[in-house]
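# my questions concern the predicted model and sequence given below.
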Amino acid sequence: MSAFNLLHLVTKSQPVALRACGLPSGSCRDKKDCKVVFSQEELRKRLTPLQYHVTQEKGTESAFEGEYIHHKAQGIYKCVVCGTPLFKSETKFDSNSGWPSFYDVISPDAVTFADDFSYGMHRIEISCSQCGAHLGHIFDDGPRPTGKRYCTNSAALSFAAADKSSAGEGSAARPAQTGKAEL
């Protein structure tokens, strides 16, 4: 057995504690610990095959092909499985990685972190804290103020516009424009 294979075997069987890097450890990937639980049957009916693969099987969508990679609207990005608010659009940035990237979460308890030793490397997986859906990974190469890059699959997200009344048709947008012009 090569030294690399032996090291990989040892580290995979004994995960590094995330508390050492300042992140809380644990995940509700074991569904009994999740606050929101859905049956696989319900999720297969409600989610697209890609959404199911990414969120339930820890899959990854193809780089530069996700729905939100070039998305610039103002609002909140939520977990596609349970609707938990995860990221504000103000924290989204272009990382040139091929996936939507954010430098901060909407709340410290929105996501959980777990060691991921897949593909022969160590990464930190991010999951929805409420339902355990796989979202992506976090890296230490993001912009200030956090220096973090929450690299997230579009397929794991849904989006809620900041102001739905001005996004659609209706008279609600007109008074705001009139009031702005009078100032």
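Structure received.

# excluding its backbone neighbours, what's nearest Ser129?
Closest residue to Ser129 apart from its sequence neighbours, by CB to CB, 6 or more residues apart in numbering: Thr112 at 4.9 Å. C-beta coordinates here come from the backbone N, C-alpha and C atoms, glycine included.

# report the separation between that neighbour and Val105.
Distance, Thr112 to Val105, using CB to CB, to the nearest Å: 11 Å.

# so the residue nearest to Ser129 sits in a strand?
Yes - counting by DSSP: H, G, I helix; E, B strand; the rest coil, Thr112 is part of a strand.

# surely it meets Ile124?
No - counting by CB atoms under 8 Å, Ile124 is not a contact partner of Thr112; they are 10.3 Å apart.

# neighbour count winner among the two?
More crowded of Thr112 and Ile124, by other CB atoms under 10 Å: Thr112, with 23 against 19.

# ok, what's across the strand from the more buried one?
In this structure, Thr112 bridges to Ser127 when assessed by DSSP bridges.

# go on, the one 4 residues further on?
Residues in a beta bridge with Asp116, per DSSP bridges, are Arg123.

# let's number from 52 now, not from 1
Sure, I'll start counting at 52 from here, so that last one is Asp167.

# what number of residues lie near it?
By the measure other CB under 10 Å, the count of residues near Asp167 is 16.

# within the helices and strands, which one has Val105?
Assigned by DSSP states H and E, Val105 belongs to helix 100-108.

# other SSEs contacting that helix?
For helix 100-108, the elements it packs on are helix 91-97, strand 185-190, judged by 3 or more CB pairs under 8 Å, 6 or more residues apart in numbering; DSSP states H and E.
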